[in-house]
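# Give me coordinates for this.
(one chain, ligands or ions: 1)
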Amino acid sequence: MRCKKSRNIIIRNGTLITESGKQECDLLVEDGIISDISPEIIKKGVDVFDAIDCYVVPGGIDVHTHMEIPVMGTFSSDSFAEGTKKAISGGTSTIIDFANQEKGKSLSEAYKLWRKKADNHVFCDYGLHLSITDVTTESLHEIDEMIACGVTSFKTFSAYDRMRISSDDLLRVMKKVKEVGGIVTHHAENGDMLNEALGRVVASGDLSVKSHPLAHPVLAEVDAIKTVIRLSKESGCPVYIVHLSSKEGLAEIINAKKNGVKIFAETCPQYLAYNDSVYLVHDFSNLSKFVMSPPLRDGKSQEALWDGVLSGDVDVLATDHCPFTIEQRRVGEKDFRLIPNGMDGVGTRMEYLYNEGVLKRGLSIERYAELTATAPARIFGLYPKKGVLKVGSDADILIIKKNIKFNHKLFYHEKGKYLHRL
Ligand SMILES: [Zn+2]
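Model (predicted):
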């Protein structure tokens, strides 16, 4: 782990990745804020960090994490303290986690509960999305209250019977979120199709973990994306698709973008690194790590998502960080439906995309910064405080040695606090 709180320092001789491209400049940090970017900064009494042969990019922003979230009678195994320590050690200086409304309870109860879990425990700055699972007149009104609390993004589900909302409720949420200037993030899988597919798997009698992907057909993702695109057109509300997994889903998003729909695509390292062949070859302890929803898809989807990452059709790389220990997963050894879904990732995203994208696939360092920090900051109301190297921005700065495997140092703003977003 190589990281340090950024108070006062000059970062010298680096290649800065700024909004106007590469700049060979020095960067001055004062009181945790970037105060100057110039070709040669002279200032007495300030520490100097030599970034020769290094890229200097904005600290990573992971907008999709689930720390200590309750799932199927257990909790994801990273607390906010443990998870944010992992983030920092891997070059990520900000996360946005999801507070989940429980059916029958209010949005503000969820918001307060998550603030309690995270405040005074996080090691990096954090924000919250609010998942809406119970659409009532009261919860729609509460969206105003959440905006006042700095929550600008609202997650909706079209799958999971305990979480999903109907299309007409989704439209009501989108109209309200549009009115207040926020964004809807969407878990796109058609729950009816999943239930039907699961019924067929159960009828087949094979409940081993290999059956997990069969219960999540690609068509369910595509159908849910089509629906939310239609509702986005109807409401004018921007929409962000979380953990996009399929080639066909990406094609729908590309098409919608061409037609002027304000839609953003997020994928995660697991969908780039692996494909569904892993479900055939591993033993339970390895294989159960890949129980996630949506599941890994075929090699064509894997390559299409890489193409999207390289071309700009995929807007954001986040992680869906939601780890469980092997003991937690073991309960589903005979019945995959009992395995809590999710995997680790917050600490390895920056490294993965650098090694596999920048070094191996010719991803430009500018796109790297865009996917991991700038686009997330712009989409979720953190820009220009975060996600950019600019005078006045927080000094969350990641320094990466050029031309070798990910070797980094992170300067980050200060001990973490809640971010009131705009
Ligand atoms: Zn998630």
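# Next, the buried residues of the helix or strand in which Val173 is found.
Applying DSSP states H and E as the criterion places Val173 in helix 167-179. Neighbour-count burial for helix 167-179, counted by 16 or more other CB atoms under 10 Å, picks out 169-174, 176-178. All C-beta atoms are positioned from the backbone trio N, CA, C, and that covers glycine.
# Please apply the same query to stretch 213-226.
Neighbour count says stretch 213-226 has 213-218, 220-226 buried, by 16+ other CB under 10 Å.
# Please flag which of the residues you listed sit within helices.
Among those, the members falling in helices (DSSP state H) are 218, 220-226.
# and Lys155, how many neighbours?
Lys155 has 23 neighbouring residues, counting by other CB atoms under 10 Å.
# now it, what's its secondary structure?
With DSSP: H, G, I helix; E, B strand; the rest coil as the basis, the three-state label of Lys155 is strand.
# any idea how far Lys247 is from it?
24 Å (CB to CB, to the nearest Å).
# list the contacts for Ser232?
Contact partners of Ser232, counting by CB atoms under 8 Å, 6 or more residues apart in numbering, are 174, 184, 238-239, 256, 261-263.
# do that again at 7 Å, thanks
Each residue near Ser232 by CB atoms under 7 Å, 6 or more residues apart in numbering is listed here: 174, 239, 261-263.
# That one: helix or strand, and which one exactly?
helix 218-235.
# what's the answer for Lys4, then?
Assigned by DSSP H and E, Lys4 belongs to strand 3-5.
# Excluding residues flanking it in the chain, which one is nearest Gln302?
Asn275 (4.5 Å; CB to CB, 6 or more residues apart in numbering).
# give me phi/psi at Phe75?
Torsion angles at Phe75 (phi, psi; degrees, to the nearest 10) stand at phi -130, psi 150.
# confidence score at it?
You'll see Phe75 listed with a pLDDT of 95.
# which residues does it bridge with?
With DSSP bridges applied, Phe75 shows beta-bridge pairing to Pro70.
# Correct me if wrong: it contacts Met67.
No. Here Phe75 lies out of contact with Met67, judged by CB atoms under 7 Å, at a distance of 9.1 Å.
# Pick out whichever of the two has more residues nearby.
More crowded of Phe75 and Met67, by other CB under 10 Å: Met67, with 29 against 17.
# which residues sit in contact with that one?
Applying CB under 7 Å, 6+ apart, one finds that Met67 lies in contact with 76, 78-80, 83, 97.
# By neighbours, which of those residues wins?
Gly83 (30 neighbours).
# hmm, which two among the buried residues of stretch 213-226 are most spread apart?
Leu214 and Lys226 (21.9 Å; CB to CB).
# OK, contacts around Asn190?
158-159, 220, 223-224.
# which one of those is nearest Asp320?
The closest of those, once distances to Asp320 are taken by CB to CB, is Ala159, at 14.3 Å.
# Just give me the neighbour total for that closest one.
21.
# and if you look at the one 4 residues further on?
Residue neighbour count, defined by other CB under 10 Å, stands at 20 for Met163.
# That one: what's it in contact with?
Taking CB under 7 Å, 6+ apart, we find Met163 in contact with 133, 157.
# Backbone dihedrals for it, please?
The phi and psi torsions at Met163 (degrees, to the nearest 10) take the values phi -120, psi -30.
# Quick one: low-confidence residue ranges for the stretch 1-150 of the chain.
Residues of the stretch 1-150 of the chain that meet the criterion pLDDT under 70 lie in 1-3, 5-6.
# Strands of that one, residue ranges please.
Along the stretch 1-150 of the chain, the segments classed as strands by DSSP state E, counting those that start in this stretch run 3-5, 9-18, 21-30, 33-38, 47-50, 54-58, 60-65, 70-71, 74-75, 92-100, 125-131.
# most neighbours per residue, which of those strands?
Burial of the strands of the stretch 1-150 of the chain is given as mean neighbour count (mean count of other CB atoms under 10 Å); strand 60-65 ranks first at a mean of 29.
# Kindly state the domain boundaries assigned to the chain.
3-57+388-412, 60-347 (automatic domain parsing).
# Minimum distance to Leu353: which of those domains has it?
Using CB to CB, the nearest of these to Leu353 is domain 60-347, at 5.7 Å.
# Endpoint to endpoint, that closest one covers what distance?
Domain 60-347 has an end-to-end distance of 10 Å (CA to CA, to the nearest Å).
# i'd like the first residue to be 37 from this point on
Sure, I'll start counting at 37 from here, so that last one is domain 96-383.
# Contacts only, for the nearest residue to Tyr390 once chain neighbours are set aside.
Ranked by CB to CB, 6+ apart and with sequence neighbours excluded, the top spatial neighbour of Tyr390 is Phe442, at 4.5 Å. Applying CB under 7 Å, 6+ apart, we find Phe442 in contact with 387, 390-391, 436.
# From those, keep the buried residues only.
Buried by 16+ other CB under 10 Å: 387, 390, 436, out of the contacts of Phe442.
# of all those residues, which comes closest to Glu270?
Of the buried ones among the contacts of Phe442, the one sitting nearest to Glu270 (CB to CB) turns out to be Tyr390, at 39.9 Å.
# Spit out the contact partners of the closest one.
Counting by CB under 7 Å, 6+ apart, Tyr390 makes contact with 404, 436, 442.
# Same check on Thr263?
194, 203.
# if we can go back for a sec, which of the contacts of Ser268 lies closest to Val99?
Nearest to Val99 among these: Val275, at 14.2 Å, using CB to CB.
# So what does that closest one look like in phi/psi?
Note on Val275: backbone dihedrals following degrees, to the nearest 10 are phi -140, psi 140.
# wait, isn't it in contact with Gly218?
No. Counting by CB under 7 Å, Val275 stays clear of Gly218, with 10.9 Å between them.
# how far away is the residue of the chain positioned farthest from its centre from Lys421?
The outermost residue of the chain relative to its centre, with distances by CA atoms, centre = their mean, is Lys80 at 39.9 Å. Using CB to CB, Lys80 is found at 28 Å from Lys421.
# Which of the three states applies to His279?
Assignment for His279 (three-state DSSP): coil.
# residues contacting it?
302-304, 330, 356.
# Give me the distance between it and Ser400.
Taking CB to CB, one finds His279 at 24 Å from Ser400.
# If anything else comes up later, I'll come back, but that's it for now.
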